[in-house]
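**Student:** Could you look at this predicted model? Sequence included:
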Amino acid sequence: ALRASEERFRLAAEAVNGIIYDADIRTGHVTRSRGLREVLGYEPEELAPTRAAWRELIHPDDLRRMGDGPWRQATPPPSFEVRYRVRHAEGRWVEVWERAVAVRDASGAFVRIVGCAIDVTAERRFERMLDQAEAVAHVGSWDYDVATRRLAWSPEAFRIHDLDAGAPAPTPDQALAFYAPEHRDAVSAALNRSLASGAPWTLEVEIVTARGRRCWVRTSGRAESADGRVVRLYGAILDIDTLKRAQLRLQEQGDWLRMSIDASRLAAWRWSPATDEMVVEYRSGAIDGEFGATTLHGWLDRIDAADRDRVAAALDRTAREGVPTHEEYVVRGAGGENQWMVTRATRSDGARGVFVTGTTQDVTERRTLERELLDISNREQRRIGSDLHDGLGQELTGVALLLRGLASRVRRGQPASTAELDELV
């Protein structure tokens, strides 16, 4: 039986990429598997069969953190696990994950510890690389076990929520409470839907971090099922606050721009001289619906013949020489009426070639008002001239009559001065 037990121990040890050990608490003797050579480069006989010999290989920082663990406890836990670094025979550090169980005798006394120390150096290196990638991309990950209701966050998920990466993982309710009140119901509904049917989700919502800071995130989740039931949810949370706020500002500015364009009776367009294609990017509802010609020449055909060559030459000069266009002209409206337009355009050089971008504004109302103002001004000038002429004539006539009366009186009293008065009259 002993030989069969030893054989099972040997086979188990060879199947594991780690060091299997059996420690007798009373004597302090430790038996280790041949994995010692594969993991740390030591032959079993090179390392004393004691716990003290193993502790000498542990990194000092980890040793201070771990202490003696359950080894000196009167009532150790049934099992324990810990990660730490051990010095390789070549002098480098190997990260191991140790998991062990406490063994008791028939009387219940704690007599042995049986465990395994597995080399997780590669896994830990990958985890650190993943943590660094998450930090650079501002994306965290999370994992939720449905059966135990345990939620795990990656370090970057903690940082996104303004929490220390070493803090305890929040409960599902605590995690949900981070979402802004106006978005919490949407997140809760997505989680419940995924738990019920396995449906994935992606949402852009705001969270309120531990410091009270509002932050836009993109959260996504997937479900893992077994035997027709969802057993696990996992996903990512991406910090998109800077991008989202820029997007919202751009959207707001776009709304203001569209309002301005609508109020200005204006169309924005782009013309490719190489293909003659003309694309209207945005057009005010007040602009003639037939404005959006697909080619420049199709649009030019609507311009009054007296203005057409001038406008075409200005746009061609903009395309060839980069000279800005600013032309005012008449086009035929949809109902045959004439409309006044102003076109402003500049040249744009890009990876896709040369484009002319511009705006065309309906200024018919302005021209009509200008003409009305000019008519009013002319009428007022004529009225003022007539009023001045009539008033001045009446005043001069009155003066002449007064002078004639004065001359008559002077003639009677001083005849010598009469000639001068007659000259004034």
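**Tutor:** Alright, I've got the coordinates. Residues are numbered from 1 along each chain as shown.

**Student:** which regions of the stretch 251-400 of the chain lie under the pLDDT threshold?
**Tutor:** By pLDDT under 70, the weakly predicted segments of the stretch 251-400 of the chain are 257-264, 285-293, 333-335, 385, 387-396, 398-400.

**Student:** residue contacts, the residue most central in space within the chain?
**Tutor:** Nearest to the mean C-alpha position of the chain, counting by CA atoms, centre = their mean, stands residue 243 at 1.6 Å. Listed by CB atoms under 8 Å, 6 or more residues apart in numbering, the contact set of residue 243 reads residue 216. For every residue, glycine as well, the C-beta is placed using N, CA and C.

**Student:** can you pull the buried residues of stretch 300-319?
**Tutor:** 300, 302-303, 307-308, 311-312, 314-315, 318-319 (16 or more other CB atoms under 10 Å).

**Student:** Nearest to residue 33, out of those: which one, please.
**Tutor:** Within those, proximity to residue 33 (CB to CB) peaks at residue 319, which comes in at 80.5 Å.

**Student:** does the closest one really touch residue 274, like I thought?
**Tutor:** No: using CB atoms under 8 Å, residue 319 makes no contact with residue 274, being 9.3 Å away.

**Student:** anything in contact with each of those two?
**Tutor:** Taking CB under 8 Å, 6+ apart as the contact rule, residue 319 and residue 274 both touch residue 354.

**Student:** coming back round to it: just the ones in helices from the buried residues of stretch 300-319, please.
**Tutor:** Under the assignment DSSP state H, these contribute 300, 307-308, 311-312, 314-315, 318-319 to helices.

**Student:** Mind picking the two most distant members of those?
**Tutor:** Greatest spatial distance among those (CB to CB): 307 and 319, at 18.6 Å.

**Student:** Secondary structure of residue 250: a helix, I assume?
**Tutor:** Yes: under DSSP: H, G, I helix; E, B strand; the rest coil, residue 250 sits within a helix.

**Student:** Counting neighbours, what do you get for it?
**Tutor:** 10 (other CB atoms under 10 Å).

**Student:** now swap in residue 113 and tell me
**Tutor:** By other CB under 10 Å, 22 other residues sit near residue 113.

**Student:** Let me know whether it touches residue 98 as I believe.
**Tutor:** No: the pair residue 113 and residue 98 fails to qualify as a contact (CB under 8 Å) at a distance of 10.2 Å.

**Student:** contacting residues around residue 146?
**Tutor:** Residue 146 touches 195, 230-233, counting by CB under 8 Å, 6+ apart.

**Student:** Return the distance of it relative to residue 232.
**Tutor:** Applying CB to CB, to the nearest Å, the value for residue 146 to residue 232 is 6 Å.

**Student:** Now do the contacts for residue 338.
**Tutor:** Counting by CB under 8 Å, 6+ apart, residue 338 touches 304, 330-332.

**Student:** let's see it at 7 Å
**Tutor:** Residues in contact with residue 338 (CB atoms under 7 Å, 6 or more residues apart in numbering) are 330, 332.

**Student:** what does the one 5 residues further on give?
**Tutor:** Applying CB under 7 Å, 6+ apart, we find residue 343 in contact with 311, 325, 327, 358, 360.

**Student:** Specify the beta-bridge partners of the third one.
**Tutor:** On the basis of DSSP bridges, residue 327 is bridged to residue 343.

**Student:** Surely it is in contact with residue 309?
**Tutor:** No: Residue 327 lies out of contact with residue 309 (CB atoms under 7 Å); the separation is 11.1 Å.

**Student:** Any stretches of the stretch 101-250 of the chain with poor pLDDT?
**Tutor:** Counting by pLDDT under 70, the ranges of the stretch 101-250 of the chain that qualify are 126-137.

**Student:** Provide a list of residues in contact with residue 235.
**Tutor:** 142, 219-222 are the contacts of residue 235 under CB under 7 Å, 6+ apart.

**Student:** State whether it is indeed within a helix.
**Tutor:** No: using three-state DSSP, the assignment for residue 235 is strand, not a helix.

**Student:** and the spatially closest residue to it that is not a sequence neighbour, what helix or strand is that in?
**Tutor:** Leaving aside its sequence neighbours, residue 235 sits nearest to residue 221 (CB to CB, 6 or more residues apart in numbering; 3.5 Å). Element membership for residue 221, per DSSP states H and E: strand 214-226.

**Student:** other SSEs contacting that strand?
**Tutor:** Strand 214-226 is packed against helix 181-197, strand 201-208, strand 229-239, helix 241-264, with contacts defined by 3 or more CB pairs under 7 Å, 6 or more residues apart in numbering; DSSP states H and E.

**Student:** Repeat the analysis, applying 10 Å as the threshold.
**Tutor:** strand 139-145, helix 155-160, helix 181-197, strand 201-208, strand 229-239, helix 241-264 (3 or more CB pairs under 10 Å, 6 or more residues apart in numbering; DSSP states H and E).
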